[in-house]
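Trainee: okay, structure incoming, though there's no sequence with it:
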């Protein structure tokens, strides 16, 4: 078993945020895994899962062989991990509840360190199937396995940038371990650290402008500027656990200026293997309410009707490119428009803007709401008009479906859709 594999036995992963410690009891939600970690189970190790309140321990893999190095897709629905269950270190994938466990690599060479791309369509991993360790990428279903680095040195520990356009990794191709970046297709491989020290385990900050990594390079002078990452870094007990005298430290590099600054100058002597949390800070819970459409009285034909629709963001991240989409089941009504008033629980200020039209295609109107700050609430007065009923028809029912969407991952989509029924009657 590799040193990387051994150290994973002591790591807890919280949707991208890892902290050292022994296995702890956690709770698994029905659809979304909030915590995954490797736990010792007798003489083997399994992948466990749960929520962050420390209750309801769930063993997801239940396998007699060793399962290690779990990672979670950005939307929280899939888990990748490395297992020896087939007599070789291979990469597996399962749903967040442990179902549909599928082997993705089968070529017989050791595979490890799988990481989903931010959009969940690709997986970066390290593999020695070419004779030495390289960074590979494959589709989420295991097809299209491609060697990106194709170098005679050892390339390890891939990490995606938040936008999915770059991959960082560490390599010994220059005689010592250095942190490199490359484009997602393998082009543009560039040495970022360029030092004579050991740098490894890179992780992008949430805004993509800096790389966190560990290094045994001595700290800079006390007068040097210190850059704080926009996500949360963490130490791992790996080399520090095996050798408490190690001088590994956590560093941050600005990818534009290449200025190296130590991340925690006052941290303990040994700290390593940073992982910047993207899952939690970059998630948000956008929600939808339809108080103005609940219990609408029958609408006379030819008359207008409507009510308030509430859209908001619970955070912790901003809800980018937010859309309100409205679809109706019958041509008996037509969309008129809306205006909104912003109510923020953050600044307690309000502003109003009138929007007279949202693009309509068929029986669907899509309104661009924009970016919602954490805690921001929009109250949208939505208006429709009922058409004349056909001859001989005295009553008709139309279903209106309201949906709210955002380009920021949402861990709780159940509150993003509402359906209301409207009854149209003759005078």
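Mentor: Everything's here; your move. Note that the coordinates shown come from a computational prediction; the quantities given were computed from them, not determined experimentally.
Trainee: tell me the buried residues in stretch 128-146?
Mentor: Burial within stretch 128-146, assessed by neighbour count using 16 or more other CB atoms under 10 Å, is assigned to 128-129, 133-138, 140, 142, 145. Placement of C-beta: from N, CA and C, glycine included.
Trainee: with stretch 113-124 instead?
Mentor: Those buried within stretch 113-124 under the rule 16+ other CB under 10 Å are 113-118, 122-124.
Trainee: ok, now stretch 384-393?
Mentor: In stretch 384-393, counting by 16+ other CB under 10 Å, buried: 384, 386, 389.
Trainee: okay if I get these as a markdown table plus secondary structure?
Mentor: Converted to a markdown table, the buried residues of stretch 384-393 look like this (DSSP: H, G, I helix; E, B strand; the rest coil):
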| residue | secondary structure |
| --- | --- |
| 384 | strand |
| 386 | strand |
| 389 | coil |
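Trainee: hang on, the earlier thing: tell me the one of the buried residues of stretch 113-124 nearest residue 200?
Mentor: residue 113 (11.6 Å; CB to CB).
Trainee: my read: the closest one touches residue 158, true?
Mentor: Yes. If you go by CB atoms under 8 Å, residue 113 and residue 158 touch, sitting 6.5 Å apart.
Trainee: the spatially closest residue to residue 118 that is not a sequence neighbour - how many residues pack around it?
Mentor: Using CB to CB, 6 or more residues apart in numbering and skipping residues adjacent in sequence, the residue nearest residue 118 is residue 164, 4.5 Å away. Look at residue 164: counted by other CB atoms under 10 Å, it has 18 neighbours.
Trainee: hang on, the earlier thing: list just the nearest of the buried residues of stretch 384-393 to residue 395.
Mentor: For those, the nearest to residue 395 is residue 389 (7.7 Å; CB to CB).
Trainee: and the pLDDT at the closest one?
Mentor: On pLDDT, residue 389 comes in at 92.
Trainee: next, count neighbours for residue 407.
Mentor: Neighbour count of residue 407, defined by other CB under 10 Å: 11.
Trainee: sorry, that was for residue 379
Mentor: 19.
Trainee: sorry, back to before: looking at the buried residues of stretch 128-146, which is nearest residue 202?
Mentor: For these, the nearest to residue 202 is residue 135 (11.5 Å; CB to CB).
Trainee: residues touching that closest one, list them.
Mentor: For residue 135, the contact set (CB atoms under 8 Å, 6 or more residues apart in numbering) comprises 124-126, 147-149, 155-156, 158, 167, 169, 182, 186.
Trainee: and the protein, what are its domain boundaries?
Mentor: 3-262, 284-425 (automatic domain parsing).
Trainee: list the buried ones in stretch 191-209?
Mentor: 192-193, 195, 197-206, 208-209.
Trainee: ends of it, how far apart?
Mentor: Terminal residues of stretch 191-209 are spaced 16 Å apart (CA to CA, to the nearest Å).
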